[in-house]
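Asks: please work out how this folds:
(2 chains)
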Amino acid sequence: GEDVEQSLFLSVREGDSSVINCTYTDSSSTYLYWYKQEPGAGLQLLTYIFSNMDMKQDQRLTVLLNKKDKHLSLRIADTQTGDSAIYFCAESMILTGGGNKLTFGTGTQLKVEL
Amino acid sequence: NAGVTQTPKFQVLKTGQSMTLQCAQDMNHEYMSWYRQDPGMGLRLIHYSVGAGITDQGEVPNGYNVSRSTTEDFPLRLLSAAPSQTSVYFCASSITGDEQFFGPGTRLTVL
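Replies: Now for the predicted structure:
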């Protein structure tokens, strides 16, 4: 079955690191994604990791994947007020009819305090 | 490139009314999809299309119709709106369905 879970809220101080966690259930996922949604806006792709990788770093973002535990995390270094948003993880699976499907988590609301 | 565009941005309907949410992309993407976003539930897939002339159902297709006559456009039709369809609707496009690009959303209220 497909189920992607995230905690609903995270609050950090400006300058600290944020770690947003996600668990998923489908081991056949090909890619795992992190999207960011600012208030009143659509989803913006932040980063992704291929399922055979353990880690990916992209500037202030670090994605860690533990495939054995089906656990994905997003670390944001030196968190800024502009990072306040909802963060969604998503897993990608191949559809029998062709193409891929994304299953999204419920989203984690990140609040950055001064 | 405009990317993925959606119209309208906001809409209020009465129960039983019908309407079409428009979605267009100018990136020549084959894959397009519609999601609805409800508080605490993430995004749920309504319908998707892997190319012109091909559509299929997602997780929550009931009450919605789609068609894909061109690569660029993927309209979502509500046949008889219900309060349960109050939501924010997002259209997305992709080359293969993996890295999806989202539109700005349509906020729909059904009274």
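
Asks: just checking, residue B:67 touches residue B:55?
Replies: Yes: at 6.7 Å, residue B:67 counts as touching residue B:55 under the criterion of Cβ atoms under 8 Å. In short, each C-beta sits where N, CA and C put it, glycine included.

Asks: of these two, who's got more company?
Replies: Using other Cβ atoms under 10 Å in any protein chain shown as the criterion, residue B:67 and residue B:55 rank with residue B:55 on top: 20 against 16.

Asks: could you give the number of residues near whichever residue of chain B sits closest to chain A?
Replies: The nearest approach of chain B to chain A comes at residue B:97, 3.4 Å away (Cβ to the nearest Cβ). If you count neighbours by other Cβ under 10 Å, residue B:97 ends up with 24.

Asks: ok, residue A:61 - contacts?
Replies: Neighbour list for residue A:61: A:34, A:46-47, A:74-77 [criterion: Cβ atoms under 8 Å, 6 or more residues apart in numbering or on different chains].

Asks: any chance of those in JSON lines, with secondary structure, neighbour count and distance to residue B:38 too?
Replies: Formatted as JSON lines, the contacts of residue A:61 follow (DSSP: H, G, I helix; E, B strand; the rest coil; neighbours: other Cβ atoms under 10 Å in any protein chain shown; distance: Cβ to Cβ, whole Å):
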{"residue": "A:34", "secondary structure": "strand", "neighbour count": "23", "distance to residue B:38": "21"}
{"residue": "A:46", "secondary structure": "strand", "neighbour count": "17", "distance to residue B:38": "22"}
{"residue": "A:47", "secondary structure": "strand", "neighbour count": "17", "distance to residue B:38": "25"}
{"residue": "A:74", "secondary structure": "strand", "neighbour count": "23", "distance to residue B:38": "23"}
{"residue": "A:75", "secondary structure": "strand", "neighbour count": "16", "distance to residue B:38": "28"}
{"residue": "A:76", "secondary structure": "strand", "neighbour count": "23", "distance to residue B:38": "26"}
{"residue": "A:77", "secondary structure": "coil", "neighbour count": "13", "distance to residue B:38": "32"}
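
Asks: closest one to residue A:83 out of those, please.
Replies: Comparing the contacts of residue A:61 against residue A:83 with Cβ to Cβ places residue A:76 closest, at 5.7 Å.

Asks: measure the closest one to residue A:4 for me?
Replies: 19 Å (Cβ to Cβ, to the nearest Å).

Asks: what sits against the spatially most central residue of chain B?
Replies: Closest to where the C-alpha atoms of chain B average out (Cα atoms, centre = their mean) is residue B:34, at 3.2 Å. Counting by Cβ under 8 Å, 6+ apart, residue B:34 makes contact with B:21, B:23, B:45-48, B:58, B:64, B:66, B:74, B:76, B:89-92.

Asks: next one: phi and psi at the residue lying closest to it once chain neighbours are set aside?
Replies: Closest residue to residue B:34 apart from its sequence neighbours, by Cβ to Cβ, 6 or more residues apart in numbering or on different chains: residue B:46 at 4.4 Å. Backbone torsions of residue B:46, given as degrees, to the nearest 10, read phi -90, psi -60.
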